[in-house]
Each structure stands twice: as C-alpha cells, then as structure tokens.
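Q: Need coordinates for the below:
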Amino acid sequence: MTAGHGYSRQVRERCAAVAAQADWVRVRHDRLAAYAASLPLDSDAVPQLDPEAHYLGSPEATAAYILQLDTINFGSGYFPHLAKLPGRSGYLTIATHLANHFRRHGPFSPRQLEKLTVTDCAELFHQDLDNHPASELMWLFTTALQDLGHFVRQRFAGSYSRLIASARACSQRLVEILVGMRMFRDVARHKEVEVPFFKRAQLCAADLALALGDTPLGTFRDLDELTIFADNLVPHVLRVDGVLEYSPDLANRIAGGSLLAAGSAEEVEIRACAVHAVELLCAELARQGRPTTAMRLDYLLWNRGQQPHYKAIPRHRTCTVFY
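A: Numbering: from 1, shown residues only. Okay, here's the model as predicted:
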C-alpha cells in the first residue's frame with residue numbers, strides 16, 4: 001500500500017477491521033462514554049513543542065530540524081538502554097542533542113547527512129558504541145538520516161523547504177511524499193488486513209504545524225484528517241485508563257519486560273486498537289457536544305503518559321524504526 005489523499009480513511013477502516021478480529025487486545029466499548037466525558041478538553045494546555053528540547057529558528061532552519069528529528073523519531077524499544085539527559089525521556093534526549101547541534105552549527109545539509117557515519121551519530125547523541133542496543137540504534141539513525149539526505153538532494157534539489165512546499169498545504173500529500181523513504185513506510189499486516197499506520201509521516205505534518213503554523217511551511221488545511229500517531233505510549237495510557245484490555249498472556253509478557261516482535265499480531269493489534277479507540281472517542285465526544293480531533297486527543301493522552309502513575313507501569317516495547 002502507498003499513501004494517498006484518501007489514506008487516512010484507509011487507516012481508520014483497516015484499524016477498525018483489525019480491532020474487530022483481534023485476539024490479544026480489545027476495546028472496552030462499555031467504557032467509552034464515561035471516559036470521553038472525563039477528558040479535559042477545555043484545559044488551557046494546547047499542543048506545543050518544548051522550546052528547550054526543540055530547535056526553533058528561522059522557518060527554513062526549523063523546517064529542516066523537524067524533518068531531521070522526525071526522520072529519527074523512533075527507538076522506543078531501545079530507549080531503556082539509551083544514555084539519557086537528566087530528567088529527559090529517550091525522545092527528548094534525542095531532540096535536545098539535535099537541537100543543540102542546530103544552535104551551534106545550523107542544519108545538516110543533505111550532503112552532510114549522506115556522509116554521516118555511525119561514529120558521527122554516536123558523538124551527536126552522546127551514546128557509547130560499546131553499548132550494543134545503543135549502537136544498533138545509532139546505526140539505524142545513521143541509515144535513516146543518510147536516506148533523508150539522499151532523498152532531499154535527488155528529488156528536491158537539496159531543499160527541505162521545497163519538499164514541504166511540494167505538499168501544497170496538504171498533510172496527506174506530505175505523508176505520500178515521506179513514505180517514499182523506506183523507514184517512513186510504516187505498513188503492517190494482520191491476518192488478511194494491510195494496515196498503513198504511517199506514524200512518523202503523519203507526525204511530521206503535525207510537528208511542522210506546531211513549530212511553523214503561522215508560516216507557509218507550517219500550514220496544512222487538513223490536519224483534522226490525521227489519525228493518532230500510533231506508538232507504544234498512547235495505547236499504554238488507554239490500557240491503564242481501562243479503555244483497552246490486553247489478554248492475560250500479553251499483559252504478563254509486557255509486565256515481565258519481554259519485547260514484542262515488530263509486525264507481530266500482538267504489536268499490530270495494540271497499535272490498531274488504539275487508533276480505533278481514539279476514533280470512537282472522537283465520535284463519542286461529538287455526540288456529547290465536545291467535538292475534537294484525533295491529533296488533539298493524541299497530544300492529551302501522550303502528555304498524560306508522562307505522569308509518574310503511567311511511567312510506573314511497564315508498556316510494550318518493540319525494536320522498530322516506526323516508533
């Protein structure tokens with residue numbers, strides 16, 4: 001499957017199909033109305049990037065930062081082994097180190113990305129290559145950034161801004177462009193259903209809008225079409241809050257720290273059921289007279305997952321390049 005202007009409808013339909021035949025995960029439909037009513041949509045909290053952890057400069061440089069960061073916005077299965085900044089998660093550690101490079105040296109050019117080595121990445125992100133899980137992640141980061149550099153240089157004359165502008169203010173078009181790179185091509189299979197999650201490609205549009213929403217590079221007319229950015233944190237929050245329920249065997253494996261294989265039935269069901277549950281919550285909130293978007297709920301639930309109560313409970317881990 002490739003992305004396209006109607007891909008978000010496909011994501012929703014395919015995730016609903018997975019949820020309907022899931023063996024390991026189920027959506028608690030009986031809890032949706034009460035849970036939706038409990039969500040603080042009127043909170044003063046609005047989606048925003050952390051100005052300390054993220055680089056915010058000129059529109060062109062900021063766009064380059066967002067593209068480069070979202071190119072390597074994966075590795076949650078490796079994060080327990082990552083050397084992290086004090087008080088920072090794995091994601092915020094990576095975002096901060098990349099931002100610091102931008103502040104000191106400016107953006108990596110596409111040619112610089114193509115020439116990156118694993119040693120360069122380890123130095124950039126302050127990781128020890130003798131630490132096997134971290135070294136494997138640095139190899140994946142290097143490959144992803146090299147791919148981005150080659151892609152931008154070959155298809156967009158070396159211009160990050162041209163890549164974004166070519167989407168013509170359409171987030172689904174941006175997704176279609178980004179999944180031309182292999183590590184953005186986030187498509188899984190469950191039984192006979194092919195599921196195009198496209199997590200990081202969708203997130204890139206949302207992040208550009210947050211960072212550059214008042215400029216042409218951050219303007220997308222169809223952000224309300226995005227689904228949640230299916231990873232391992234939003235499903236975890238929904239599970240802890242009682243909206244998703246895992247089978248006893250799956251719950252025990254996660255509690256014991258076992259990794260779930262990327263593309264396994266269990267892993268795909270967790271992600272797909274989370275997407276479907278949030279779509280059901282959006283529909284329920286509309287019925288309650290409090291309409292919102294999946295993107296807004298993703299932000300609310302992701303930030304809820306930063307609270308100690310959720311961090312104290314193990315969530316599923318998968319070594320993957322998609323989240």
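Q: From here on, just use CA atoms for contacts and neighbour counts.
A: Noted.
Q: can you give me the helices in the stretch 201-323 of the chain?
A: 234-240, 248-255, 265-287, 294-304, 308-311 (DSSP state H, counting those that start in this stretch).
Q: nearest to residue 204, of the ones you listed?
A: helix 294-304 (12.0 Å; C-alpha to C-alpha).
Q: Mind listing what's buried along that closest one?
A: Residues 294-302, 304 are the ones in helix 294-304 that count as buried (16 or more other C-alpha atoms under 10 Å).
Q: Now render those as TSV, adding distance to residue 240 and pLDDT.
A: What follows is the buried residues of helix 294-304, written out as TSV (distance: C-alpha to C-alpha, whole Å; pLDDT from 0 to 100):
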residue	distance to residue 240	pLDDT
294	19	96
295	20	94
296	19	94
297	16	96
298	15	96
299	17	93
300	15	95
301	11	96
302	13	93
304	11	95
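Q: Can I get these in JSON lines including distance to residue 123?
A: Formatted as JSON lines, the buried residues of helix 294-304 follow (distance: C-alpha to C-alpha, whole Å):
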{"residue": "294", "distance to residue 123": "37"}
{"residue": "295", "distance to residue 123": "34"}
{"residue": "296", "distance to residue 123": "35"}
{"residue": "297", "distance to residue 123": "36"}
{"residue": "298", "distance to residue 123": "32"}
{"residue": "299", "distance to residue 123": "31"}
{"residue": "300", "distance to residue 123": "33"}
{"residue": "301", "distance to residue 123": "33"}
{"residue": "302", "distance to residue 123": "29"}
{"residue": "304", "distance to residue 123": "32"}
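Q: Quick one: closest of the helices of the stretch 201-323 of the chain to residue 24.
A: Judging the helices of the stretch 201-323 of the chain by C-alpha to C-alpha, what sits closest to residue 24 is helix 265-287, at 5.9 Å.
Q: Now stretch 260-267: buried residues?
A: Across stretch 260-267, burial judged by 16+ other C-alpha under 10 Å covers 260, 262, 265-267.
Q: Dump the helices of the stretch 201-323 of the chain into CSV; add distance to residue 59 as well.
A: Converted to CSV, the helices of the stretch 201-323 of the chain look like this (distance: least, C-alpha to C-alpha, whole Å):
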stretch, distance to residue 59
helix 234-240, 30
helix 248-255, 41
helix 265-287, 31
helix 294-304, 23
helix 308-311, 35
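Q: so which of the ones you listed gets nearest residue 218?
A: Nearest of those (C-alpha to C-alpha): helix 294-304, 15.4 Å.
Q: Which other helices and strands does the closest one contact?
A: With contacts defined as 3 or more C-alpha pairs under 8 Å, 6 or more residues apart in numbering; DSSP states H and E, helix 294-304 has these neighbours: helix 234-240, helix 265-287.
Q: now for those helices, which one comes closest to residue 54?
A: Nearest of the helices and strands packed on helix 294-304 (C-alpha to C-alpha): helix 234-240, 21.2 Å.
Q: And the strand or helix carrying residue 8, how far out from the chain middle?
A: Assessed by DSSP states H and E, residue 8 sits inside helix 7-20. The chain centroid and the centroid of helix 7-20 are separated by 18 Å under C-alpha atoms, centre = their mean, to the nearest Å.
Q: Ok, which of the helices and strands packed on helix 294-304 comes nearest residue 201?
A: helix 265-287 (15.4 Å).
Q: That closest one: which residues count as buried?
A: Judged by neighbour count (16+ other C-alpha under 10 Å), helix 265-287 contains these buried residues: 265-285.
Q: Not counting residues beside it along the chain, what's closest to residue 55?
A: residue 99 (4.7 Å; C-alpha to C-alpha, 6 or more residues apart in numbering).
Q: what do you get for residue 250?
A: For residue 250, ignoring the flanking residues on the chain, the nearest one in space by C-alpha to C-alpha, 6+ apart is residue 24 at 6.8 Å.
Q: just to revisit the earlier point, is the residue nearest to residue 55 in contact with residue 57, as I believe?
A: No: in this structure residue 99 lies outside contact range of residue 57 using C-alpha atoms under 8 Å: 10.1 Å.
Q: With neighbour numbers in mind, choose between those two.
A: When neighbours are counted by other C-alpha atoms under 10 Å, residue 99 and residue 57 differ, and residue 99 comes out ahead with 24 against 15.
Q: Can you tell me how far the more buried one is from residue 93?
A: 10 Å (C-alpha to C-alpha, to the nearest Å).
Q: any common contacting residues for the two?
A: residue 53 (C-alpha atoms under 8 Å, 6 or more residues apart in numbering).
Q: and of the buried residues of helix 294-304, the nearest to residue 220?
A: Nearest member of the buried residues of helix 294-304 to residue 220, counting by C-alpha to C-alpha, is residue 295, at 13.1 Å.
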